[in-house]
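Enquirer: Sequence unavailable; structure follows:
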């Protein structure tokens, strides 16, 4: 209770078993309600078979990515880090040993666009080894005009959702 009012956090309301592949799972709540905290501190406990480096946390601003990188269990994707992308695209399974030290991968929307436009191993799909995609400030997918090639990310997301091949979670205070 705070000032006589019951405080509710995302972890009190959102249950992982309610999240569905084949859908865009939208978590909409006000700023400071714990959306990001829940993702980074509670989500993987409900998915014990998913390794942190099989989770992508996409944010709209580099400064936000830098802020989230301070959280334990996260790894900020660098432009020169090919280990993650090669593993995700099934190009190199050898990278999985290296990735054991990685946490949830933090990237910006432009990095995610580059990733969905990257080459995959023959017979594999792009980002095949990613299990969960979290779009922070997911309204960016439809409202921002300054991110180049955003349409390619929307198309990739739609196609993967239709195939129910990954779990997509959108976080926003601006729906």
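Expert: Happy to help now that I have it. This is a predicted model, so every value here is computed, not measured.

Enquirer: Now do the helices in this structure.
Expert: Under the criterion DSSP state H, helices of the chain are mapped to 10-13, 35-41, 62-68, 82-88, 95-99, 109-116, 140-143, 150-162.

Enquirer: Among those helices, which one carries the weakest average confidence?
Expert: Mean pLDDT is lowest for helix 62-68 out of these, coming in at a mean of 60.

Enquirer: that older thread, can you put the helices of the chain in CSV and add distance to residue 175 and mean neighbour count?
Expert: C-beta here means a position set from N, CA and C on the backbone, and glycine is covered the same way. Converted to CSV, these look like this (distance: least, Cβ to Cβ, whole Å; neighbours: other Cβ atoms under 10 Å):
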stretch, distance to residue 175, mean neighbour count
helix 10-13, 15, 14
helix 35-41, 12, 20
helix 62-68, 18, 15
helix 82-88, 29, 20
helix 95-99, 34, 15
helix 109-116, 18, 20
helix 140-143, 10, 15
helix 150-162, 17, 16
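
Enquirer: Would you reformat those as JSON lines and include distance to residue 74?
Expert: Converted to JSON lines, these look like this (distance: least, Cβ to Cβ, whole Å):
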{"stretch": "helix 10-13", "distance to residue 74": "18"}
{"stretch": "helix 35-41", "distance to residue 74": "6"}
{"stretch": "helix 62-68", "distance to residue 74": "6"}
{"stretch": "helix 82-88", "distance to residue 74": "13"}
{"stretch": "helix 95-99", "distance to residue 74": "13"}
{"stretch": "helix 109-116", "distance to residue 74": "14"}
{"stretch": "helix 140-143", "distance to residue 74": "20"}
{"stretch": "helix 150-162", "distance to residue 74": "21"}
